[in-house]
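**Q** Let me see the structure of the following:
(one chain, ligands or ions: 3)
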Amino acid sequence: MRSTSNSDVRPTLAVWKFASCDGCQLSLLDCEQELLALTGAVRIAHFTEMSRATVSGPYDISLVEGSITTPDDVERIKEVRANSRHLVTIGACAASGGIQALRNFVEPGAYASVVYTHPEYLETLETSTPISAHVAVDYELHGCPIDRHQLLEVLLAFLAGRRPVVAGHSVCQECKARSTVCLLVSDKTACLGPVTRAGCGALCPSVGRGCFGCFGPSDSANVASLTARLRLLGRSDGELDRLLQTFNAAAPAFRSGVGAGRVAAVALEQSRRPSHEGAEQ
Ligand code: SF4
Ligand code: SF4
Ligand code: SF4
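**A** Numbering: from 1, shown residues only. Ligands and ions are numbered 1, 2, ... in the order given. Model prediction:
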């Protein structure tokens, strides 16, 4: 890496890209009004989406976007970790493997042969895995993409040496806070809000669309209960599986719900039967 100056005493920030779409890195650039203040507090030392100029590590904070999908990624993330005092992952790709982790659940190469004319030129791993599967992670910020206000809070927290104050509750609470009528109750809309981490301000329900879980599972997500309820409302297993298999398809809580809709619904129905029904059988 090319060093530009060693006289700067600001903490250094580095941003790294792995398998991703760059959308979470753009959230940092999207800070706009706060960006000048941020660059007063930290020295952006490595951020190739913003500048070719880089400063040699080690770095005080590294933001890591993307999942691990190639043999080179496996080695590179270890170097990033070794060069970072704090490592924070940003986005669904980095936290759960991203939408590219759909390949984890099919035959190796099944998607590559459909997407690429010459998949034989690809050198990829059979799975897409989160950063935490390879190195220690100090904090995971969720979202696809992440919310810039949450990103600023995380950066400020690490600079101040405290834990970030980021909500772990569900999107439903944000829905209530902005007085949005519940789509699931009023319209039987398939909505993952009850099991999805807050952070977007309940954006989709506010425009009449069910949440599809882009912020990943909330801290106490009860996916089995939600899939049982949605199935009782008429949603098919296929619909439920598609709902759970998007940007956070490999997140364990969402994964546990795939194929589980029917099982959960039967269990719920059984639990609601009067106890004497069971005694008569
Ligand atoms: S989490 Fe979403 S926005 Fe962020 S890099 Fe991955 S695909 Fe892009
Ligand atoms: S619309 Fe969705 S997110 Fe909002 S309260 Fe209903 S279930 Fe929860
Ligand atoms: S409502 Fe759900 S899908 Fe929509 S932005 Fe928020 S977390 Fe993502």
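
**Q** CA atoms for contacts and neighbours, from now on please.
**A** Fine.

**Q** Show me the chain divided up by domain.
**A** 12-160, 171-272 (automatic domain parsing).

**Q** dump the residue contacts of Gly40.
**A** Applying CA atoms under 8 Å, 6 or more residues apart in numbering to Gly40 gives the contacts Arg10.

**Q** who in this structure is up against ligand 3?
**A** By CA under 6 Å from any ligand atom, the residues of the chain that approach ligand 3 are Cys200, Ala202, Leu203, Cys204, Cys211, Phe212, Gly213, Cys214, Phe215.

**Q** Assess the claim that the fifth one and Cys204 are in contact.
**A** Yes: with contacts counted by CA atoms under 8 Å, Cys211 reaches Cys204, the gap being 5.7 Å.

**Q** okay, the two: which has more neighbours?
**A** Each of Cys211 and Cys204 has its neighbours counted (other CA atoms under 10 Å); Cys211 has more, 24 against 16.

**Q** Relative to Ala92, how far out is the more buried one?
**A** 15 Å (CA to CA, to the nearest Å).

**Q** Point out where the protein drops to low pLDDT.
**A** Scanning the chain for pLDDT under 70 picks out 1-6, 260-281.

**Q** what sits against the residue nearest the centre of it?
**A** For the chain, the residue sitting closest to the mean C-alpha position, by CA atoms, centre = their mean, is Ala92 at 2.2 Å. Shown in contact with Ala92 (CA under 8 Å, 6+ apart): Gly66, Gly98, His142, Gly143, Cys144, Pro145, Cys214, Phe215, Gly216, Phe247, Asn248.

**Q** can you put these in TSV and add secondary structure, neighbour count and distance to ligand 1?
**A** Formatted as TSV, the entries for the contacts of Ala92 read as follows, by DSSP: H, G, I helix; E, B strand; the rest coil; neighbours: other CA atoms under 10 Å; distance: CA to the nearest ligand atom, whole Å:
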residue	secondary structure	neighbour count	distance to ligand 1
Gly66	coil	31	6
Gly98	coil	29	6
His142	coil	29	8
Gly143	strand	25	6
Cys144	coil	21	4
Pro145	coil	22	4
Cys214	coil	25	8
Phe215	coil	27	9
Gly216	coil	33	10
Phe247	coil	26	7
Asn248	coil	31	9
